[in-house]
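S.K.: just a sequence and a predicted model for now, questions to come.
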Amino acid sequence: MNIAPGRFQRVTVYASSSNALAENYYDAARRLGTVLGQSGLDIVYGGGGVGLMRAMADNALAEGAHVHGVIPEFLNTVEHGHSNLSRLEVVADMRERKHRMLVDSDAVVSLPGGSGTFEEVFEVLTLKRLGDFLGPVILVNTNRYFDRLVDFLQHSVRENFMSEIHLDMWSVVAEPEEVFEAMHAATNWSREARKFAAVRK
């Protein structure tokens with residue numbers, strides 16, 4: 001059994017709704033659901049019943065986890081809100097969805113995804129840079145999917161759009177089973193982050 005560090009009680013998971021991916025993406029999503037479900041953490045995610053979202057949620061539920069989905073009403077026709085969750089919260093729009101997914105969350109774990117997942121990841125990194133979100137942000141790098149994204153973020157530091165210290169805002173793991181170790185090892189973050197949010201000479 002994988003046990004989350006004691007200070008973590010609720011984790012937000014970002015994931016794709018695509019049903020057209022290579023099988024190892026779904027395998028990683030299922031494994032993430034299993035390790036999160038075994039940990040005793042509450043899980044909140046985008047509420048979808050398809051793609052990596054469903055694979056993660058189904059395995060977490062099978063382990064007895066409380067899984068809370070948040071989905072805008074209009075997306076029920078695209079992401080097909082999962083009908084067997086502990087709770088499915090239907091909200092007005094994407095902005096409210098992203099906000100609700102982070103309320104009381106102690107950490108974020110992102111599986112691979114497209115533009116919606118990128119948006120979520122960049123929003124939580126921005127909030128962390130400003131000291132408004134303080135928890136670990138973990139990228140599960142299946143198939144080295146996030147390599148180019150991490151390279152781009154490092155390029156932003158080299159070009160002085162971010163500072164070296166901002167490289168500590170996220171962690172990357174190759175396998176879902178490494179998530180808790182990364183959460184435990186993540187750099188402590190505080191609201192003092194806003195003091196170095198801007199890059200100064």
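M.R.: Sure thing, it's come through.

S.K.: average pLDDT across the longest helix anywhere in the chain?
M.R.: Of all segments of type helix in the chain, defined using DSSP state H, the longest is helix 23-39. Helix 23-39 carries an average pLDDT of 97.

S.K.: where do the helices of the protein begin and end?
M.R.: Using DSSP H, helices in the chain cover 23-39, 51-62, 94-102, 115-129, 147-158, 179-185.

S.K.: so residue 61 is in contact with residue 69, correct?
M.R.: No - applying C-beta atoms under 8 Å as the test, residue 61 and residue 69 come out as separate, 10.7 Å apart. (C-beta placed from N, C-alpha, C; glycine too.)

S.K.: what's the most buried one of the helices of the chain?
M.R.: The highest mean neighbour count among those, using mean count of other C-beta atoms under 10 Å, belongs to helix 51-62: a mean of 24.

S.K.: so what does that one touch, helix or strand wise?
M.R.: helix 23-39, strand 42-45, strand 67-72 (3 or more C-beta pairs under 8 Å, 6 or more residues apart in numbering; DSSP states H and E).

S.K.: rerun that using 10 Å as the cut-off
M.R.: Where contact means 3 or more C-beta pairs under 10 Å, 6 or more residues apart in numbering; DSSP states H and E, helix 51-62 is packed against strand 10-14, helix 23-39, strand 42-45, strand 67-72.

S.K.: closest one to residue 128 among the ones you listed?
M.R.: With C-beta to C-beta as the measure, strand 10-14 is the member of the helices and strands packed on helix 51-62 nearest residue 128 (12.5 Å).

S.K.: quick one, the closest one and strand 67-72 angle?
M.R.: Relative orientation of strand 10-14 versus strand 67-72 (axes from the mean of the first three to the mean of the last three C-alpha atoms, to 10 degrees): 50 degrees.

S.K.: just want the angle from strand 10-14 to helix 115-129.
M.R.: Going by the same axes, to 10 degrees, strand 10-14 makes 140 degrees with helix 115-129.

S.K.: what about strand 10-14, average pLDDT?
M.R.: pLDDT averaged over strand 10-14 gives 98.

S.K.: quick one: that strand to helix 23-39, angle?
M.R.: Going by the same axes, to 10 degrees, strand 10-14 makes 170 degrees with helix 23-39.
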